[in-house]
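K.L.:
Provided below for reference: sequence and predicted model.
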Amino acid sequence: MLRRTKIVATLGPATDDPKILDKLIEAGVDVARLNFSHDRYEIHAKRAEAARERSQAHGRHIGVIVDLQGPKIRIGKFKSGPVTLAEGDKFIIDASHPLDAGTTERVGTTYKSLPQDVSRGSTLLLDDGRISLWVDKVEGSEIICRVVNGGELDNNKGINRQGGGLSAAALTDKDREDIKSAVKIQADYLAISFPRSAADVEEARKLFHAAGGKGGIIAKIERAEAVQNIEEIIKASDVIMIARGDLAVEIGDAAVPPIQKRIIHMARRMNKVVITATQMMESMIENQVPTRAEVSDVANAVLDGTDAVMLSAETARGKYPVAAVAAMDRVCRVAEQQEEATHSQHRMDQTFRHVDEAIAMATMYTANHLPVRAIAALTESGSTPLWMSRISSNVPIYALTSHVGTRRKVTLYRGVYPVAFETTTSDHAEVNRAAIDELRRRGSVRDGDMVIITKGDLTGVLGGTNAMKIATVGNLPDF
């Protein structure tokens, strides 16, 4: 049984061994993520090249995500190593303090505008919320705090403001340069960190396209403001990533599960792709098996309808990257067998704006009510398979296209599988037979199987899908 939910794996030092990369691909990775918060461009470029080369050797197509770092809102370093803060201690974050001279009393910050973004009564959360500081007052560059929840504090830990409100721009100077690097890598997707509004997404898209980028834009939801503006951000994006780490710090951990469910539902309703990310198999950085809670987390995301689930440090620097992918694959497959993952009422009460959209919906309704073995969607841009993938089903959707960029793009769509397909004829019967023969060659169908073919009257025309044909393998008429 084909797995419908896609697996995104972050590449890093733990995957640089070609043998490990091969095993990751064999275990089922669909999309490779390059985290530009770490390592140099040259290293990322080599990883992207290796992923594509090895996936091709395995007869697979793998998409590549370049994930921008975004604004670095961090404390500086401590000159004598980590410090311990106790409840009730006075502690100062000083925007003018040297970044390498922190003490038990004060530390610098990379974000020089922090004093302007907080006031008495604000709560600052350090190190993913493990340490919380209550702001007593702000004097010039000094933010004078009282420790609410203490503990050991190490160098360069992140700073969040509870409830959001930090004004740092989503795109930094480093990000603008990294966008150019993403174009050189031929990134299929560009992920924007900490966007607050649709304007942040649109700015990134404009820069990406101006530099020659062809891929889609992923908006990472990790700020409180992003949740408040979620509908406009979804509209402006191609993909939404629910980045639950910083998001949980800003809005509170208990608020994340319902927000996650709402965003997945909204994204699917608006025909956008959604990735669920952060700490999905976190314990497998050190352990060979996931916890029961992690298994439930992945399964629930699948049942909610996420297109993809993501591994971060588990594969980038973990001890068991292949086991982490295999565990995620196993959990996804079982979750997808449940009834709620195979039946859908999606858009049953809505009208459609495009002919190809209507064809996609009719195809999925038919596929879910007939013993259809596969769907062959001949596509230029991938739009028709995307619309199809919004419908819960257990029928595989094969995106047949001559465009390598489209094949890489659909690697992120739930239940869609890329197939390289060239046709030089406009004869409909010949095109139908060629599509069926390609699926038969791959072992996806055999004689007697029912298949749905979707295509347009004219090949090479974007948005031109206007026909759906129900065919039986081995019994295709000459028209």
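P.N.:
Arrived safely, thanks for sending.
K.L.:
surely Asp200 is in contact with Ala168?
P.N.:
No. Asp200 is beyond contact range of Ala168, at 11.0 Å (criterion: Cβ atoms under 8 Å). No exception for glycine: its C-beta is placed from N, CA and C like everyone else's.
K.L.:
show me which of these two is the more surrounded one.
P.N.:
For the pair Asp200 and Ala168, the greater number of neighbours falls to Asp200 (24 against 18), based on other Cβ atoms under 10 Å.
K.L.:
any idea how far Ala467 is from that one?
P.N.:
To Ala467, Asp200 is 40 Å away according to Cβ to Cβ, to the nearest Å.
K.L.:
tell me which strands and helices the lengthiest helix in the chain is in contact with?
P.N.:
What stands out as the longest helix in the chain, according to DSSP state H, is helix 41-57. Contacts defined by 3 or more Cβ pairs under 8 Å, 6 or more residues apart in numbering; DSSP states H and E place helix 41-57 against helix 18-27, strand 31-35, strand 63-67, helix 173-185.
K.L.:
kindly recompute the last result at 10 Å.
P.N.:
helix 18-27, strand 31-35, strand 63-67, helix 173-185, helix 404-409 (3 or more Cβ pairs under 10 Å, 6 or more residues apart in numbering; DSSP states H and E).
K.L.:
wait, is Thr315 part of a helix?
P.N.:
Yes. Under DSSP: H, G, I helix; E, B strand; the rest coil, Thr315 sits within a helix.
K.L.:
show me what contacts it?
P.N.:
By Cβ atoms under 10 Å, 6 or more residues apart in numbering, Thr315 lies in contact with 7-12, 14-15, 20, 24, 27, 29, 32-33, 281, 284-285, 321-325, 328.
K.L.:
check Lys184 too.
P.N.:
Neighbours of Lys184 in contact, by Cβ under 10 Å, 6+ apart: 41, 44-45, 48, 66, 211-213.
K.L.:
who wins for most neighbours among the residues you listed?
P.N.:
For the contacts of Lys184, neighbours tallied by other Cβ under 10 Å; top is Val66, 29 neighbours.
K.L.:
that one reaches Ala48, doesn't it?
P.N.:
Yes. Using Cβ atoms under 10 Å, Val66 is in contact with Ala48, at 8.3 Å.
K.L.:
buried ones in stretch 97-105?
P.N.:
The neighbour-count check on stretch 97-105 (16 or more other Cβ atoms under 10 Å) flags 97, 102 as buried.
K.L.:
ugh, typo on my part, it should be stretch 199-217
P.N.:
200-201, 203-205, 207-208, 213, 215-217.
K.L.:
how about these in CSV, adding pLDDT?
P.N.:
Output for the buried residues of stretch 199-217, formatted as CSV (pLDDT from 0 to 100):
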residue, pLDDT
Asp200, 97
Val201, 97
Glu203, 97
Ala204, 97
Arg205, 98
Leu207, 98
Phe208, 98
Gly213, 96
Gly215, 95
Gly216, 97
Ile217, 98
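K.L.:
and those, which two are furthest apart?
P.N.:
Across those, no pair lies farther apart than Asp200 and Gly215, at 17.2 Å, counting by Cβ to Cβ.
K.L.:
residue contacts, the residue positioned nearest the centre of the chain?
P.N.:
Relative to the mean C-alpha position of the chain, the nearest C-alpha, by Cα atoms, centre = their mean, is the one of Ile275, at 3.9 Å. Residues near Ile275 by Cβ under 10 Å, 6+ apart: 6, 8, 31, 33, 65, 189, 191, 218, 220, 239-243, 264, 267, 301, 306-310, 412.
K.L.:
helix, strand, or coil at Asp356?
P.N.:
What three-state DSSP gives for Asp356 is helix.
K.L.:
need the pLDDT of it.
P.N.:
pLDDT for Asp356: 83.
K.L.:
do I have it right that it meets Thr454?
P.N.:
Yes. Contact between Asp356 and Thr454 holds when scored by Cβ under 10 Å: they sit 8.3 Å apart.
K.L.:
more neighbours: these two, which one.
P.N.:
Neighbours per residue (other Cβ under 10 Å) separate Asp356 from Thr454, with Thr454 holding more: 25 against 22.
K.L.:
who does that one bridge with?
P.N.:
Under DSSP bridges, the beta-bridge partners of Thr454 are Ala377, Met468.
K.L.:
quick one: it and Ala374 touch, right?
P.N.:
No. Assessed by Cβ under 10 Å, Thr454 is found out of contact with Ala374, at 11.7 Å.
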